[in-house]
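1. okay, predicted coordinates and the sequence, questions at the end:
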Amino acid sequence: MIDADEMVALIESCRREMQAMLPADEFASLSSKTRQDYRQLGRTLLQRARYAEGGVAEVMTATRRPTTFYKRLAAFRYCLYADLVGHLKSLHSALSARPAAYSDRS
């Protein structure tokens, strides 16, 4: 059976690994308005993909304009990136929060 100190060490190790897994923000240059627009468009595309026969591929390519396709692609990539980072950060937070019983052992 694992003791409390080993558990804390394991949690700390997991926390460091999770921090290392956070991707670099390749979207750092986007304005907050663009980020908001991309999130909304990305979520709309995902919602439509649920009901489209061809799924994501169908909703991404259902246009005749290359600019619309590339905007959809950028929005979809950003939406997935933002969701991934959000989930990784919540995991990181969960690993960082130690139970009160072990906080006195620092």
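-> Perfect, thanks for sending it. Remember, it's a predicted structure, so these values are computed and weren't measured experimentally.

2. show me what the longest helix anywhere in the chain is packed against.
-> Ranked by residue count and defined by DSSP state H, the top helix of the chain is helix 66-96. Here helix 66-96 touches helix 4-21, helix 32-51, helix 55-61, going by 3 or more CB pairs under 8 Å, 6 or more residues apart in numbering; DSSP states H and E. Placement of C-beta: from N, CA and C, glycine included.

3. TSV please, covering those helices and showing mean neighbour count, mean pLDDT and distance to residue 73.
-> TSV is the format used below for the helices and strands packed on helix 66-96 (neighbours: other CB atoms under 10 Å; pLDDT from 0 to 100; distance: least, CB to CB, whole Å):
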stretch	mean neighbour count	mean pLDDT	distance to residue 73
helix 4-21	13	73	24
helix 32-51	14	92	10
helix 55-61	15	91	7
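
4. for those helices, could you give me a markdown table that also reports distance to residue 90?
-> Below are the helices and strands packed on helix 66-96 laid out as a markdown table (distance: least, CB to CB, whole Å):
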| stretch | distance to residue 90 |
| --- | --- |
| helix 4-21 | 10 |
| helix 32-51 | 17 |
| helix 55-61 | 24 |
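
5. so which of these comes closest to residue 79?
-> helix 32-51 (2.4 Å; CB to CB).
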